[in-house]
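S.K.: Using only what follows, build the 3D model:
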Amino acid sequence: MADRSLLERLGLHRRELRAWAGYDFGNSAFMTTVVLIFPVYFVRVPAAALSPALARSRVAFASSAAVVLVGLLGPWLGAVADLRGRKKAFLGAFLALGVAATAALALASSGRWLVALVAFVLANVGFTSTLAFYNALLPGIASVDEIDRVSTGGFALGYLGGGLLFALDLCMIGNPGTFGLADSAAATRLSFLSVAAWWALFSIPLFQRVPEPTAAGGVAEAAGTSAARAALGRLAASVRELRRRRDAGLVLLAFFLYNEGINTIIRMATLFGDDIRIPAPQMMLALLMVQVVGMPFAFAFGWLADRIGARQAIFVALAVYAGIAMYAFVLRTVVQFFVLALLVATVQGGAQALSRSLFATLVPRDKAGEMFGFFGVCDRVGNGAIGSLLFGLMLLLTGSSRPAVLALVIFFAAGGLVLSRVDIERGRRLAREAEATAA
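M.R.: Numbering: from 1, shown residues only. Predicted coordinates:
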C-alpha cells in the first residue's frame, strides 16, 4: 500500500501511465546525447574546415529549419490523427523517421558536414513531430486531478533515461580505447547509434499499453470527404475556436513566449559553453548534472502544483529562468557554469511539464491531437525559428552569444504577463461543455 501511495504521488500508479511516461525515458536521450553533443562534434569534425563561427551558425540554422517544417505540418497532421483515431500510428511513423535519421548521424565523419546537417534536420523533424501525438495521448489516460503529477512524472523519467545514456556515452567518448574504439570521434558516432536503439526500445510499452483515443469523427469521411481535406476544414475551425477560447489561446501564447527562452537555453547550451571557452569535459559533466538534479525537481514541481496550482508553480520557474539569463550574461568561469547548470536543473522539467498539463485541461479531449499540434508549434518554433535563428545571427554579427542570452529575459517576462491573464476555471468549464456537446 505504501508503494502504491508513492506511485500515486509520482503520477505513475497505473500501467498505462508508466508506459506513457516511459516514452519520455526513451526519447530524452535525443535531447541529451544528440542535441547537446552534436553541435560541438559538428564544429570539430564534419565542419572542421569551416570557421567555428560559421559552423556554429549552420547548426543553429539547421535547428531553425527543422522546427519550421514541423510547425507548418504539425497542427494539420494532428487534425488528421484526431479524425482517424490514429495518434499512435502517426507517432510511430515519425518515431521511425527520427530513429533512422539519428542512426544516420553515425555517417557524419570528417568533412561530411552536409550529410551531418541533413540527418540532424530529419532527426529533429522526427523527434519533434512525435511529441504532439505523444502529448495528445495524455488527456485520455489521466484525470484533471492527476494530470499535473503524470506530466511532471514523464519529465522526471525523461531526466533519468536521458541522463543514464548520456553518462554512458560521455564515458565512451572520454575513453574510446576502453571500448575498443579508435578515437573520440568514432565514439561520438557510436553514441548517436546508441540513442537510436535506446529511443526505439523504450517506446515499445507505449504502443502496447496506452489506449488509442476514439476518433473525433468519421462523418466527413463517410460523406466522401478525405481525411486530409476534412482535417484542413477542422483545422481552420480550430483556429477560430482558439480565438474564442480565450484562455486556451492565452496559455498557448504565454507558452510560446517563455518557451522561446527555455528551449533556446536547452538547445544552445553547448554552443554557448563552447563560445565562452568552457572545456568540453567540464561542460558535459555540468550538463550531466542537469539530468541528475532535474529528475527530483521535476517530481517536486508536480508536488508544488498540487499545493499552489500549476500556474503559480510556472511563475516560480519563470522567475528563476529570468535570473539564469542575467547570470549567464556575466559568467566567466567553469564554477559559474556549474552554478548555472544547477539553476537550470531546478526548473527546466517543471516549467514545461506543467505547461503541458495545464493546456491539456483547457481543450476538449476529442480535439487533443490538433490542439497539441498547435502546442507543438509553440514548443518548438519558439526555440528554432526565433531562438536558434537569433543565436546564429548574433554569432555571425558579433562573434558572441552573450547578447542573445540576455535578451531571453524579455521572453520570460512577457510570457509570465500573458499567463497571468488566463482564467483557468472558465477555460476548463468551456472545454468540458464542448465535450458534452460533441457527445
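
S.K.: any idea which element the closest residue to residue 334 other than its chain neighbours lies in?
M.R.: Nearest residue to residue 334 in three dimensions, chain neighbours excluded: residue 282, at 5.0 Å (CB to CB, 6 or more residues apart in numbering). C-beta: built from backbone N, CA, C; applies to glycine. With secondary structure defined by DSSP states H and E, residue 282 is part of helix 280-308.

S.K.: What are the buried residues along that helix?
M.R.: 280, 283-291, 293-295, 297-302, 304-305 (16 or more other CB atoms under 10 Å).

S.K.: So which elements touch that helix?
M.R.: Under the contact definition 3 or more CB pairs under 8 Å, 6 or more residues apart in numbering; DSSP states H and E, helix 280-308 sits against helix 2-10, helix 147-174, helix 269-275, helix 310-330, helix 334-360.

S.K.: what about stretch 350-364, distance to the chain center?
M.R.: With CA atoms, centre = their mean, to the nearest Å as the basis, stretch 350-364 stands 13 Å off its chain's centre.

S.K.: tell me the average confidence for that stretch?
M.R.: Taken as a whole, stretch 350-364 has a mean pLDDT of 86.

S.K.: Low-confidence ranges, the stretch 251-400 of the chain, go.
M.R.: Within the stretch 251-400 of the chain, the segments meeting pLDDT under 70 span 267-268, 271, 369-370, 373, 376-385, 387-392, 394-396.

S.K.: which non-adjacent residue is nearest residue 183?
M.R.: residue 176 (5.5 Å).

S.K.: so that neighbour makes contact with residue 184?
M.R.: Yes: using CB atoms under 8 Å, residue 176 is in contact with residue 184, at 5.4 Å.

S.K.: Need the nearest residue in space to residue 375, chain neighbours excluded.
M.R.: Nearest residue to residue 375, sequence neighbours excluded (CB to CB, 6+ apart): residue 359, at 5.6 Å.

S.K.: Look up how far residue 192 lies from that neighbour.
M.R.: 32 Å (CB to CB, to the nearest Å).

S.K.: before we move on, what about residue 111?
M.R.: Here residue 111 is placed at a distance of 17 Å from residue 192 (CB to CB).

S.K.: For the two, indicate the residue with more neighbours.
M.R.: residue 192 (26 against 13; other CB atoms under 10 Å).

S.K.: That one: what's it in contact with?
M.R.: 33, 34, 38, 102, 103, 105, 106, 108 (CB atoms under 8 Å, 6 or more residues apart in numbering).

S.K.: wait, which of these is closest to residue 136?
M.R.: residue 102 (22.7 Å; CB to CB).

S.K.: re the thing from before, residues near the residue nearest to residue 375, how many?
M.R.: 27.

S.K.: now swap in residue 7 and tell me
M.R.: Neighbours of residue 7 using other CB under 10 Å come to 15.

S.K.: And for residue 200?
M.R.: Neighbour count for residue 200, taken as other CB under 10 Å: 18.

S.K.: so it is in which element?
M.R.: Assigned by DSSP H and E, residue 200 falls in helix 184-201.

S.K.: So what angle separates the directions of that helix and helix 147-174?
M.R.: Per axes from the mean of the first three to the mean of the last three CA atoms, to 10 degrees, the angle that helix 184-201 makes with helix 147-174 is 150 degrees.

S.K.: ok and helix 184-201 relative to helix 280-308, angle-wise?
M.R.: Using the same axes, to 10 degrees, the direction of helix 184-201 lies 30 degrees away from that of helix 280-308.

S.K.: in the stretch 101-250 of the chain, which ranges drop under the pLDDT threshold?
M.R.: In the stretch 101-250 of the chain, residues with pLDDT under 70: 214-244.

S.K.: mind redoing it with 50?
M.R.: Low-confidence segments of the stretch 101-250 of the chain, defined by pLDDT under 50: 218-224.

S.K.: Now for residue 209: which residues touch it?
M.R.: 15, 16, 19.

S.K.: Was I right to think the last one contacts residue 210?
M.R.: Yes: with contacts defined as CB under 8 Å, residue 19 counts as touching residue 210 at a distance of 5.3 Å.
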